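Q: Got a predicted model here, sequence first, then my questions.
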Amino acid sequence: MKALTSIGPANRVTRSEETHPLTWRLRDDAQPVWLAEYQAKNGYAAARKALTEMAQADIVQTVKESGLKGRGGAGFPTGVKWGLMPADESMNIRYLLCNADEMEPNTWKDRMLMEQLPHLLVEGMLISARALKAYRGYIFLRGEYVDAAANLNRAIDEAKSAGLLGKNIFGSGFDFELFVHTGAGRYICGEETALINSLEGRRANPRAKPPFPAAVGVWGKPTCVNNVETLCNVPAIVGQGVDWYKGLARPGSEDHGTKLMGFSGKVKKPGLWELPFGVTARELFEEHAGGMRDGYRLKCWQPGGAGTGFLLPEHLDAQMYAGGIAKVGTRMGTGLALAVDDSINMVSLLRNMEEFFARESCGWCTPCRDGLPWSVKILRALERGQGTAEDIRTLLGLVNFLGPGKTFCAHAPGAVEPLGSAIKYFREEFEAGVAKVANTPRMPASTS
Amino acid sequence: MIQTTNSSTLIQTDRFTLSETERSAIEHEMHHYEDPRAASIEALKIVQKARGWVPDGAADAIGEILGIPASDVEGVATFYSQIFRQPVGRHIIRVCDSMTCYIGGHESVVAEMHKQLGIGLGQTSADERFTLLPVCCLGNCDKAPAVMIDDDTFGDIQPADVATLLEAYK
C-alpha cells in the first residue's frame, strides 16, 4: 500500500544520453543517484565546461539559441528571461531561485527529478547561476516533499564537500552557495512573484509587474526564477550543444528538446515518461499509457494540469508542444495529461476543481477572491439538481470576468479555463443540474 | 514551558517562552537569508515541530528574535495552510483532493475516515489522535488517490485500506 518513491515507467523505458537528457541517468531501482554515480555518468562535466571554458555571456547565448522554454507551465523562453537580468555590473548581488513548489493538480514530474536525480538540479543551478552571475541560490520546495528535501540536502552536502559548491568552483574564481527553503503550503507560492514574497517571509500574495523580478526581485535584488525541469535541461544543452538539442523534437514541433509527459486517470498504465516535443497526445495515451482500463471510455482529457482546458478524444491527434495544443484551443501547461472517463460527471469534477482553486486563492484581488467561491456555490447547486436557469450564464460570466488580463495573477484565469471548456463541450450536463421548479437567483456570497 | 496539545487549552494563560533548542534553531535559520524576516515561516515550523501547533504567544517571541512586528508573524502564520494555529491531533492525515484523486475516488476515502474517526475535513478526533486535512496535489497522480500521514505518503488508497492504514499511527 505504501507508495514506492516516485518509481514509474520513466525508469523502465530504454534510455540513452543522446535521446533522454533528463532521465538517462535514472536507476532501474529508482534509488537516488548520488555524487559518485552521477559523476561516473558524466555528471558535472557540463558544469566544468561552463565554468572553465565558457564566458558568462556565451552560456546565456547558448540557452537562448537552444530555444529552451520554461517547463513550469507558462512556457516563457528561458534565454529571454535570463537576458532580462541587468547588464549593470555594479548590481552584483543577484539571486537564482528554483521554483520547486510543485502543487499543480496532476503534476508529479519535478518530484521525480529531485528525489532521484538531485545532482542534476544542483548542476543545472550551478551553470545557470554562473550565467546569471548569481552568488546564491534557493530551491523553494513545497513542505510536503519530504523525500525530495532530504535528497537535495544530501546532494548539496556532497557537492560542497567535493568543491562543486562554495568558493572558487573548478578554480574558476566563481563562488556559489545553494540552500533548500521549504514552504508551508498554499498553491499560490508557485506564482513567481508570490514565491519571492514567501521566500522573504511574507504572505504569498503576487507582486505587480513591472518591475519584473530580473530588475527588482528577492530583497529588491535582480532575481531569476526557473522551474526544476527547466534548470535540469541546462547541463545537457551546455554539454552537448545547441545543434544536438534542436534535433531532439519530432518534426512539426516548434518547441525544442524533450519534456516529462504523463497520462493519469483511469488509463491502463498511468505514468511519466521523457518524450520529445511533438509526439501526439494519442501516442502518449495509447502507446505509453495503454489506453483506458477495461470498462471505461475516454470522455475528455486535459493536456497539462488543472489550469488547462478540457479537450475531446478527437483532439488526441494534436502534437504535444505549445503551438500544437494551442491549435486545438488550450495550453499545454505542464504536459502531464489527465484522462476523464465516462463515469465522471463534469459538474461534479468542476465542483472539485473550483473548490481547490477557491481555497487556494490568496484573496488579494476581488474577482478571484469572490468569483471563485461564487462558482463553487453554483456548481454545488447544479450538482444537487438545484440550479437556476441563470446559473450557466452566470458561470460563463465568471469565465469572462476571471479571465486573462482581469486579475492580478494567472490563478483565476487558470481556474476558469477548465470551467469554460467543460461548459463548451458538455453544456447538457450543466443544464441537467437546473431545477425543474424555479429557484430564487443565487447572489455572490459578498452581496447582501 | 512546553504547551500541551490538549484541545481544551485554546485560551492560553501561561506566558509563552521559546525553548533554548527552538531559539537556537531559529537563529541558525536567520543566517541563511539577507533579511531575518525570511526565517519567519521556518521559525513557525520549528515551534510547530516541537509543540504540534503554534500557540498564541509564539508570534511575539518569534517577532522579537527576527526584529519584526508580532502582527506580521501572525499574518504569515494564518496565511499558510500547514501552520496550525490551534491544537491538532498527534498525527496529521492529509488527503490529496486534486481532480486526479477525485477521479480515483478520494471522496469515498474521506467518507470512510469520517465513518471510522467521526471527523470531517478540518477536524480533530475526540481522542486527539488524528487531524484530517485536505492538501494540494501530493504528486502521486499515477497512484491516485494519495494520502499523506505525517511524513509518509501512500498511494492507491481505497476505503477498504483505511482501517489498516490508520492502525499504524497510534
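A: Nice, I can see it. It should be emphasised that the depicted structure is a prediction, and the values quoted were computed from it without experimental measurement. Residues are numbered from 1 along each chain as shown, chains lettered A, B, ... in the order given.

Q: any idea of the pLDDT on residue A:441?
A: Confidence at residue A:441, expressed as pLDDT, is 61.

Q: make that residue B:4, sorry
A: The model reports residue B:4 with a pLDDT of 43.

Q: Also residue A:14?
A: Here, the pLDDT recorded for residue A:14 equals 84.

Q: which ones are touching it?
A: Applying Cβ atoms under 8 Å, 6 or more residues apart in numbering or on different chains, one finds that residue A:14 lies in contact with no residue. In this view, the C-beta of every residue, glycine as well, is placed from N, C-alpha and C.

Q: Check which element follows the lowest-mean-pLDDT helix or strand in chain B along the chain.
A: Taking all helices and strands of chain B together, the one with the lowest average confidence (mean pLDDT, DSSP states H and E) is strand B:152-154, at a mean of 94. Later in the chain than strand B:152-154, the nearest helix or strand by DSSP states H and E is helix B:162-167.

Q: Quick check: buried residues in the least confident helix or strand of chain B?
A: By neighbour count, with 16 or more other Cβ atoms under 10 Å in any protein chain shown as the criterion, the buried positions of strand B:152-154 are B:153, B:154.

Q: Remind me what that strand packs against, helices and strands.
A: Of the remaining helices and strands, those touching strand B:152-154 by 3 or more Cβ pairs under 8 Å, 6 or more residues apart in numbering or on different chains; DSSP states H and E are strand B:147-149.

Q: which other residues reach the strand it packs on?
A: Contact partners of strand B:147-149, identified using Cβ under 8 Å, 6+ apart, comprise A:144, B:91-96, B:109, B:135, B:138, B:153-154, B:157, B:165, B:168-169.

Q: So which residues on the stretch 251-400 of chain A come close to chain B?
A: Contact residues, the stretch 251-400 of chain A versus chain B (Cβ under 8 Å from any Cβ of the partner chain): A:262, A:264-266, A:270-272, A:306, A:336, A:338, A:340-341, A:344, A:348-349, A:352-353, A:355-356, A:359-360, A:362.

Q: In helices only, show me the residues you listed.
A: With helices identified by DSSP state H, the entries of these that belong to them are A:348, A:349, A:352, A:353, A:355, A:356, A:359, A:360.

Q: Can you report how many residues neighbour the nearest residue to the third one once chain neighbours are set aside?
A: When you say that, I think you mean residue A:352. Spatial nearest neighbour of residue A:352, excluding adjacent residues (Cβ to Cβ, 6 or more residues apart in numbering or on different chains): residue B:102 at 4.3 Å. Using other Cβ atoms under 10 Å in any protein chain shown as the criterion, residue B:102 is surrounded by 22 other residues.

Q: what about residue B:102, which helix or strand?
A: Counting by DSSP H and E, the element that carries residue B:102 is helix B:99-104.

Q: heading toward the C-terminus, what's the first helix or strand past that helix?
A: Per DSSP H and E, helix B:99-104 leads on to helix B:106-117 as the next helix or strand towards the C-terminus.

Q: How about residue B:151, nearest residue that isn't a chain neighbour?
A: Using Cβ to Cβ, 6+ apart and skipping the chain neighbours, the partner closest in space to residue B:151 is residue A:146 (4.8 Å).

Q: What residues does residue 54 make contact with?
A: Let's take chain A. Residues in contact with residue A:54 (Cβ under 8 Å, 6+ apart) are A:62, A:238.

Q: Can you look at chain B instead?
A: When contacts are counted by Cβ under 8 Å, 6+ apart, residue B:54 touches B:44, B:47, B:48, B:77, B:83, B:84, B:85.

Q: gap between residue B:28 and chain A?
A: Going from residue B:28 to chain A by Cβ to the nearest Cβ, to the nearest Å gives 12 Å.

Q: Three-state assignment for that residue, please.
A: helix (DSSP: H, G, I helix; E, B strand; the rest coil).

Q: Kindly tell me how buried it is, as a neighbour count.
A: The burial metric for residue B:28, expressed as a neighbour count using other Cβ under 10 Å, is 12.

Q: State the pLDDT value of residue 137.
A: Just so you know, I chose chain A. Confidence at residue A:137, expressed as pLDDT, is 98.

Q: ah, I was thinking of chain B
A: According to the predicted model, the pLDDT of residue B:137 comes to 94.

Q: which residues does residue A:378 contact?
A: A:387, A:391, A:394, A:395, A:442.

Q: So which bits of the host helix or strand of it are buried?
A: Using DSSP H and E, residue A:378 sits within helix A:366-383. If you call a residue buried by 16+ other Cβ under 10 Å, then helix A:366-383 has these buried ones: A:367-383.

Q: re the thing from before, could you pick out the buried ones from the ones in helices among the residues of the stretch 251-400 of chain A next to chain B?
A: Counted by 16+ other Cβ under 10 Å, those give A:348, A:349, A:352, A:353, A:355, A:356, A:359, A:360 as buried.
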